[in-house]
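Q: Okay, structure incoming, though there's no sequence with it:
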Ligand SMILES: NC(=O)c1ccc[n+]([C@@H]2O[C@H](COP(=O)([O-])OP(=O)(O)OC[C@H]3O[C@@H](n4cnc5c(N)ncnc54)[C@H](OP(=O)(O)O)[C@@H]3O)[C@@H](O)[C@H]2O)c1
């Protein structure tokens, strides 16, 4: 049976992969390791681990995801988001393992009205995006059997994310402000996990860069409004401009990605973001 190694397994994507692993227990054996078991910045440890386990596939769910803090900690961001995938690529190449590496829409500056395709010009607006872009390059260079999946605005029932932050704020406040002039595509990490496993299970592999998210585009303000609707909250939400809500890291104004390539090559049918969001909010409300 083919073995799938998941590194960074305690974050939101890692937990979503754990959740669906049961559905695939007849097809794959899964090995989930968190940062305390395998630190992807430790090259020797990564090489030894792959030599010992010889997985058929490695999913890199590990990342430094603190977008604003990255501006103050560029070395740490680059260690995890660039050197880490570089180490995984080197080790996976030596064992013949296919690498599935996750990246971000923040590799784009968002200064365009078109939806970004995989070969469009990258120009990260901040340290986080720059570190992720370097990670893509090192992963692709280090192992020809690498699939990079860029995703956007990830949320789930697990870890910290925008949906959980909004639900907490709705409990504490009567009125909040959310940015209404930045556009992107929210993505339920459970859908991303499903997509990754479908790609791994597919007979014909195409390596390289792919975009995956839910669709179509929306704003953070409309995203928050739907979270309120699905959770039954009566909170008042005001739409703010980016200038009214300054953050240490600059965000892309419009980082909407075109999803045609993954649909064509892997027959993936992305879900409407509202349907995926409703599932997640209902799950979170049920466990409250
Ligand atoms: N979150 C988003 O909105 C978003 C948007 C676009 C793309 N992405 C990308 O999607 C992927 C998954 O993101 P996520 O939201 O699931 O991330 P997450 O919840 O922040 O989880 C990241 C995991 O990486 C682990 N990690 C950090 N440093 C590590 C190291 N040196 N070695 C091994 N593991 C390490 C963390 O473990 P510890 O907690 O123990 O440090 C954590 O469990 C990432 O590649 C991210 O860049 C995320």
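A: Thanks, I have the structure now. All values derive from a computational prediction rather than experimental measurement.
Q: Could you check how many residues crowd around residue 194?
A: Using other C-beta atoms under 10 Å, residue 194 has 18 neighbouring residues. Backbone N, C-alpha and C define where each C-beta goes, glycine included.
Q: List the contacts of it.
A: By C-beta atoms under 8 Å, 6 or more residues apart in numbering, residue 194 lies in contact with residue 20.
Q: Could you tell me the model confidence score at the residue nearest to residue 14 when sequence neighbours are not counted?
A: Of all residues beyond its chain neighbours, the one nearest residue 14 is residue 61 (4.3 Å), with distances taken as C-beta to C-beta, 6 or more residues apart in numbering. pLDDT for residue 61: 98.
Q: just residue 207 next, same as before
A: 98.
Q: What's the separation between it and residue 143?
A: 9 Å (C-beta to C-beta, to the nearest Å).
Q: before we move on, the earlier item: from the ligand, how far off is the residue nearest to residue 14?
A: 5 Å (C-beta to the nearest ligand atom, to the nearest Å).
Q: Would you mind naming what in the chain lies close to the ligand?
A: Taking C-beta under 6 Å from any ligand atom, the part of the chain that reaches the ligand is made up of 7-8, 10-14, 34-35, 39-41, 61-65, 80, 84, 102, 104, 132, 151-154, 159.
Q: which of those residues are buried?
A: The neighbour-count test (16 or more other C-beta atoms under 10 Å) marks 7-8, 10-14, 34, 39-41, 61-65, 80, 84, 102, 104, 132, 151-154, 159 as buried among these.
Q: residues in contact with residue 1?
A: Residue 1 neighbours (C-beta under 8 Å, 6+ apart): 27, 28, 29.
Q: With respect to residue 187, which of those is nearest?
A: residue 28 (22.9 Å; C-beta to C-beta).
Q: buried set for the longest helix anywhere in the chain?
A: In the chain, with assignment by DSSP state H, the single longest helix is helix 127-142. Neighbour-count burial for helix 127-142, with 16+ other C-beta under 10 Å as criterion, is recorded at 127-140, 142.
Q: Give me the angle between the helix or strand following that helix and helix 127-142.
A: Per DSSP states H and E, the first helix or strand lying C-terminal to helix 127-142 is strand 146-151. Using axes from the mean of the first three to the mean of the last three C-alpha atoms, to 10 degrees, the inter-axis angle of strand 146-151 relative to helix 127-142 is 160 degrees.
Q: Adjacent strands (with direction) for strand 146-151?
A: strand 98-104 (parallel), strand 208-211 (parallel) (DSSP bridges).
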